[in-house]
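Visitor: Provide a 3D model corresponding to the input given below.
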Amino acid sequence: MQALKERRKHERFSANLSCVLVSPLMVLSYEVLDISNSGLAFSYAGWENWPRKGIRLDFINQNLYLEDIPIRIIKDVQLNDESKKLRRCGVKFTDLNAQQQALVKQYIESVTAN
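Guide: Numbering: from 1, shown residues only. Have a look, this model is predicted:
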């Protein structure tokens, strides 16, 4: 059996220090699981019927303020067998402007410094 080819272009970093708010559905995550320059994964309870367009997220963190980050849902799966409602959602950042890219990079540096 062949090993799966890694398709990620950017290294992922653990980021279990904060959470995100996803709108327009107002989904509050438990935590950001990992992050890269191109996207992130977070855990949340429930199941959402994600819209195809117009999804944005805000980082909720004591040290950094990021809001209105445009995203696209890549994958949304059950996190583990013990909790049927806990899910892992992977998203890709889309159409970031230069300031948002710089803030994402700053956020990654702040969470990986700990």
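
Visitor: From here on, just use CA atoms for contacts and neighbour counts.
Guide: Will do.

Visitor: Low-confidence ranges, the protein, go.
Guide: The chain contains residues with pLDDT under 70 at 1-10, 12-13, 15-17, 63, 113-114.

Visitor: What are the boundaries of the helices in it?
Guide: Here the chain has its helices, by DSSP state H, at 98-112.

Visitor: Closest to the centroid, which residue in it?
Guide: For the chain, Leu40 is the residue whose C-alpha lies nearest the centre (C-alpha atoms, centre = their mean; 3.1 Å).

Visitor: I'd like to check the angle between the longest strand anywhere in the chain and helix 98-112, please.
Guide: Scanning the chain for the longest strand, with DSSP state E as the assignment, gives strand 65-78. In terms of direction (axes from the mean of the first three to the mean of the last three C-alpha atoms, to 10 degrees), strand 65-78 departs from helix 98-112 by 70 degrees.

Visitor: and strand 65-78, which strands flank it?
Guide: strand 56-60 (antiparallel), strand 86-93 (antiparallel) (DSSP bridges).

Visitor: Now Ser29: closest residue in space, sequence neighbours ignored.
Guide: Counting by C-alpha to C-alpha, 6 or more residues apart in numbering, Ser29 lies nearest to Tyr44, which is 4.5 Å off, once chain neighbours are set aside.

Visitor: which of the residues in the longest strand of the chain are buried?
Guide: Ile69, Pro70, Ile71, Arg72, Ile73, Asp76, Gln78 (16 or more other C-alpha atoms under 10 Å).
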